[in-house]
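Novice: Sequence first, then the predicted structure:
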Amino acid sequence: MCQPVRVAVSVSAPPVCVLGLGLIGGSLLRAAVAAGRDGWGWNRSAGAVDAARDDGFDADTDLVAVLRRAADARALLVVAVPMPAVDATLAAIAEHAPDCPITDVVSVKAEVAAAVARHGLQDRFVGGHPMTGTSQSGWEAGDAALFEDAVWVVGADDGVDPTIWSQVAQLALDCGSVVVPAESAEHDAAVARVSHLPHVLAEALALSAAAGGDLALGLAAGSFRDGTRVAGSAPALVRAMCEGNRDALLTALDETLDVLTRARAELAEKQTVAGLVEPGYEARLRYENHERWTITGIEPGSENWLERMRDAGRRGGVLRP
């Protein structure tokens, strides 16, 4: 659509301070350091910190000390804790590093943005969400390559600072991702369908197989394995993401239940599931054939840049290195 050129997100790269060293936070610290960024991290659990140090990374359990160091270095803070811990983490930031730029990697955006505003940090915040992960958790599950070729949503809410936005986008690009600009509510509605609903359906599929007893479990093969992979995620993490996006997930669930109810009625009355299978097949082909195009010519801070970024993101555009 456009000749690919680097969008103006090439900014001076501040140090990166990652708060939370689980799968995503730990992978981010690894990826940022591998990209040549100066970075360090914090985790409440001493076990995660010890493991990070054993792997040669700079980490600590003293949140106040880590935040004061970040304040002195004007580091980019990355909130990588589960949603239930976000509020307390932001309170600590507001007290000890209120002038640092802030982003996050939490899977919901509107609730995080509301928490940021409650702590008076909205002028320093740009939300983020790497669309990647595994069913594993903890520092040991981390991988510097986790973000390669992944989509990384960077929040394009009204009022975001263009310099901080560029810093967050550059971090995503440095980690190997492509960047999709999106507004918080639109992001949450989309991920309810492609991330949170799949978790709910995977749990339901796992329960269905278990109800069939050992024979059903013994016969389970590829389709069951693939369909229930994310049911192996830590229940606390699944609850945090799904419950944190309650309203959007309820909408997606209601629509899906309607689809299944119609499919059941068709099977009972007409002995067919064609009304589900054929449009479902077409929808899967649409996903497989979806092509990303490169966003160009939008300078953060220029006239209507946020509206233009959001529009591009809605239409499948991405920022690339």
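Specialist: Now that the structure is in, tell me what you want to look at.

Novice: check contacts around S27.
Specialist: For S27, the contact set (CB atoms under 8 Å, 6 or more residues apart in numbering) comprises 142-144, 146-147. For the C-beta atoms, the positions are set from N, CA and C on the backbone; glycine is no exception.

Novice: Is it possible to get JSON lines of those that adds secondary structure?
Specialist: Putting the contacts of S27 into JSON lines (DSSP: H, G, I helix; E, B strand; the rest coil) gives the following:
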{"residue": "G142", "secondary structure": "coil"}
{"residue": "D143", "secondary structure": "coil"}
{"residue": "A144", "secondary structure": "coil"}
{"residue": "L146", "secondary structure": "coil"}
{"residue": "F147", "secondary structure": "coil"}
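
Novice: And those, which is the shakiest by pLDDT?
Specialist: Lowest pLDDT within the contacts of S27 is found at G142 (91).

Novice: I'd like to know how far the nearest residue to A34 once chain neighbours are set aside sits from E183.
Specialist: Nearest residue to A34, sequence neighbours excluded (CB to CB, 6 or more residues apart in numbering): A144, at 4.7 Å. Between A144 and E183 the distance, using CB to CB, to the nearest Å, works out to 30 Å.

Novice: okay, these two: which has more neighbours?
Specialist: The neighbour count for A144 versus E183, taken as other CB atoms under 10 Å, is higher for E183 (23 against 18).

Novice: show me the contacts for the more buried one.
Specialist: Residues counted as contacts of E183 (CB under 8 Å, 6+ apart) are 155-157, 310.

Novice: change it to 6 Å
Specialist: By CB atoms under 6 Å, 6 or more residues apart in numbering, E183 lies in contact with 156-157, 310.

Novice: just D62 next, same as before
Specialist: By CB under 6 Å, 6+ apart, the contact set of D62 is empty.

Novice: what pLDDT does it get?
Specialist: Predicted confidence (pLDDT) for D62: 98.

Novice: Please report how far it lies from C100.
Specialist: Separation of D62 from C100 (CB to CB): 17 Å.

Novice: Also T256?
Specialist: T256 sits at a distance of 41 Å from C100 (criterion: CB to CB).

Novice: No further questions, thank you.
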